[in-house]
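Student: Just the structure for this:
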Amino acid sequence: MDKSKWVWMPHAGHFILGDRCKFKLNTYVGKYIVSTVGELWNPEGSRRIHAKIHDARWYAKHFGLKGDNFDHEYMSRFGYEDIGCDRKYETMVFKAQKAKDTCCPYRIIVADEVDFNAYNNSKDATKGHMKLCKKWSVK
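Tutor: This next block holds a predicted model:
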């Protein structure tokens, strides 16, 4: 499938917490959807629990911070959450079919992926997404 015919869709294509990911690439290529997600950013309450469990000392020092101030300090200390074992980003490829939505004209038809890659930075995730788009656009 010619790259000009790829369809870019504006949301996560997979991952149950995809709506909480800041990084999302979701592309229809041929008969497949290539979905990349990463940069998982949970709600503040979840991050506070995470901080209390993983670094109680840090949490006691920053407990009183609110909003952006807490977010900044949390990001500096912990960063984004892993979305799987030792990975911050992942790409999965699924078989796709036409959908009735105008926003996203294609949808995943089976839950089992046909391909997968994991990454730990946005540069590699972007390159990996494009590589799998090219690979599966000719299948």
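
Student: Which parts of this protein are strands?
Tutor: Applying DSSP state E to the chain gives strands spanning 7-8, 21-29, 32-40, 89-98, 106-108, 115-119.

Student: same for the longest one, what does it pack against?
Tutor: This points to strand 89-98. Judged by 3 or more Cβ pairs under 8 Å, 6 or more residues apart in numbering; DSSP states H and E, strand 89-98 is in contact with strand 21-29, strand 32-40, strand 106-108, strand 115-119, helix 122-137. (C-beta placed from N, C-alpha, C; glycine too.)

Student: Which parts of the chain belong to which domain?
Tutor: Listed domain ranges for the chain are 3-40+86-137, 44-77 (source: automatic domain parsing).

Student: winner for burial among those?
Tutor: Ranked by average neighbour count under the criterion mean count of other Cβ atoms under 10 Å, these are headed by domain 3-40+86-137 at a mean of 17.

Student: can the helices and strands packed on strand 89-98 go into CSV with extra columns for mean pLDDT and distance to His50?
Tutor: Shown next, in CSV, are the helices and strands packed on strand 89-98 (pLDDT from 0 to 100; distance: least, Cβ to Cβ, whole Å):
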stretch, mean pLDDT, distance to His50
strand 21-29, 97, 16
strand 32-40, 97, 11
strand 106-108, 88, 30
strand 115-119, 97, 21
helix 122-137, 97, 21
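
Student: Looking at those, which is nearest to Arg57?
Tutor: strand 32-40 (23.9 Å; Cβ to Cβ).

Student: what angle do the closest one and strand 89-98 make?
Tutor: 150 degrees (axes from the mean of the first three to the mean of the last three Cα atoms, to 10 degrees).
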